[in-house]
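In: Sequence first, then the predicted structure, then my questions.
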Amino acid sequence: MPDLKNPKVAIPVVLIAGIFWSFGPYVVRHIDQPETAPWQYLFTRGMVIFLLLNIYLYLEEGLNFYKNYLKIGFAGLIGGIGLGTAMITFIWSITNTTAAVTLLCLAAMPFITALLGFLFLKERISITVWISIFVATFGITVMALGNSEKNSLIGLILGLASAFGFSIFSVSLRWRVETPKFTTVAVAGLFCFLFSTVMISMNDANFLSSGKNEALFATHGTLVCLGLILYSIGSKNIPAADLTLLSLTEVIGGIFWVWLPWLGINEVPSTNTIIGGFFIFIAIFYYSLIMQSNRRFIGLN
């Protein structure tokens, strides 16, 4: 599939990718008793992600696509496990708190990534980025104060753990830029599939949920893959700072779909979540503005 060289075309493609991802929380909210079937969800979603990405790689590269796995290396394994862990903690987070809290925790990912890059890759953090990190941290603290109930607070902590896992994936890509990115994501899907298989076996539970739930599990996995493919097409021609803002479509859309009464969920964020989210959005917007001079491109391959 050819790259979209024109940013005017690439930007809408990345926005659409974020919209695909934004329907994830809405799909989860329609699962019957999702808190009782998290491992079945991860089993099916991981399998769908692994299969669809390998089909995409086969269509792109032919039978030689398997050679990507020979080049994945230690960085790819770490990134895949980090991303797989993010997928696992995402479902546990969103079933213990509101979609808004989970998504706003994920919105803090650029700052967690910056800190990990500083610690492990010796990447310098400017004073302006430190200000953004501080503002985002303040926003998360406000949300935590408004989610003091046991389950809700656990959901927030797991949301931050999910963001941490995504950040490990992002740092692994910068650690070894030659690592095949899509293959790393496929490894994440395989990790979810295998880990959930072990957990289901240990608990002597069924591998599959109801027909409705299985369809929703597979739908979410498909949305993730479609978003990744579109993101990979457009992101190679859009600077990283611009992508930070464009990725907000996932957060805003995800909160909007589960709130919109017409769609049958009507999940209204709490006051503290709205206030904390406002500070996180300010931090991301400020971060993007100060990074405009950085024309680094971070497309997946």
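Out: Great, that's in hand.

In: Now do the strands in the stretch 101-250 of the chain.
Out: Assigned by DSSP state E, counting those that start in this stretch, the strands in the stretch 101-250 of the chain number zero.

In: which residue ranges form the helices in it?
Out: 109-120, 127-145, 150-175, 181-202, 211-235, 240-246, 248-259 (DSSP state H, counting those that start in this stretch).

In: Please spell out which residues along the fifth one are buried.
Out: This points to helix 211-235. 213-214, 216-235 (16 or more other Cβ atoms under 10 Å). From N, CA and C alone the C-beta is placed, and that goes for glycine too.

In: And the longest one, by the same measure?
Out: Within helix 150-175, the residues that qualify as buried by neighbour count (16+ other Cβ under 10 Å) are 152-153, 155-175.

In: Comparing the helices of the stretch 101-250 of the chain, which yields the minimum mean pLDDT?
Out: Note on the helices of the stretch 101-250 of the chain: helix 240-246 shows the lowest mean pLDDT, a mean of 62.

In: My guess is residue 154 contacts residue 94. True?
Out: No: Residue 154 lies out of contact with residue 94 (Cβ atoms under 8 Å); the separation is 11.7 Å.

In: At the geometric centre of this protein, which residue do we find?
Out: Taking Cα atoms, centre = their mean as the criterion, residue 166 is the residue nearest the geometric centre of the chain, at 6.2 Å.

In: Find me whatever residue is spatially closest to that residue, sequence neighbours aside.
Out: Leaving aside its chain neighbours, residue 166 sits nearest to residue 86 (4.5 Å; criterion: Cβ to Cβ, 6 or more residues apart in numbering).

In: show me the contacts for the one you found.
Out: Residue 86 makes contacts with 161-166, 168-169, 188, as judged by Cβ atoms under 8 Å, 6 or more residues apart in numbering.

In: Dump the residues you listed to JSON lines, plus distance to residue 276.
Out: Shown next, in JSON lines, are these (distance: Cβ to Cβ, whole Å):
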{"residue": "161", "distance to residue 276": "17"}
{"residue": "162", "distance to residue 276": "17"}
{"residue": "163", "distance to residue 276": "14"}
{"residue": "164", "distance to residue 276": "18"}
{"residue": "165", "distance to residue 276": "21"}
{"residue": "166", "distance to residue 276": "19"}
{"residue": "168", "distance to residue 276": "24"}
{"residue": "169", "distance to residue 276": "24"}
{"residue": "188", "distance to residue 276": "28"}
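
In: For residue 267, pull up the helix or strand it's in.
Out: Applying DSSP states H and E as the criterion places residue 267 outside every helix and strand.

In: what about residue 35, neighbour count?
Out: Using other Cβ atoms under 10 Å, the number of residues around residue 35 comes to 12.

In: Over to residue 9?
Out: Per other Cβ under 10 Å, the neighbour tally for residue 9 reads 12.

In: The helix or strand in which residue 76 is found: how far from the chain's middle?
Out: Assigned by DSSP H and E, residue 76 belongs to helix 73-94. Centre-to-centre, helix 73-94 and its host chain are 10 Å apart (Cα atoms, centre = their mean, to the nearest Å).

In: Now do the buried residues in it.
Out: Quick answer for helix 73-94 (16+ other Cβ under 10 Å): 73, 75-76, 78-94.

In: and if you look at stretch 257-264?
Out: So for stretch 257-264, counting by 16+ other Cβ under 10 Å, buried means 257-259.

In: on that earlier part again, any idea which of the contacts of residue 86 is closest to residue 44?
Out: residue 188 (14.7 Å; Cβ to Cβ).

In: burial count for the closest one?
Out: 28.

In: okay but it is in contact with residue 169, surely?
Out: Yes: the pair residue 188 and residue 169 qualifies as a contact (Cβ under 8 Å) at a distance of 7.4 Å.

In: shared neighbours of those two, anything?
Out: By Cβ under 8 Å, 6+ apart, the residues touching both residue 188 and residue 169 are 79-80, 82-83, 86.

In: Distance to residue 209 for the residues you listed - can I get that in CSV?
Out: Converted to CSV, the shared contacts of residue 188 and residue 169 look like this (distance: Cβ to Cβ, whole Å):
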residue, distance to residue 209
79, 29
80, 25
82, 26
83, 23
86, 22
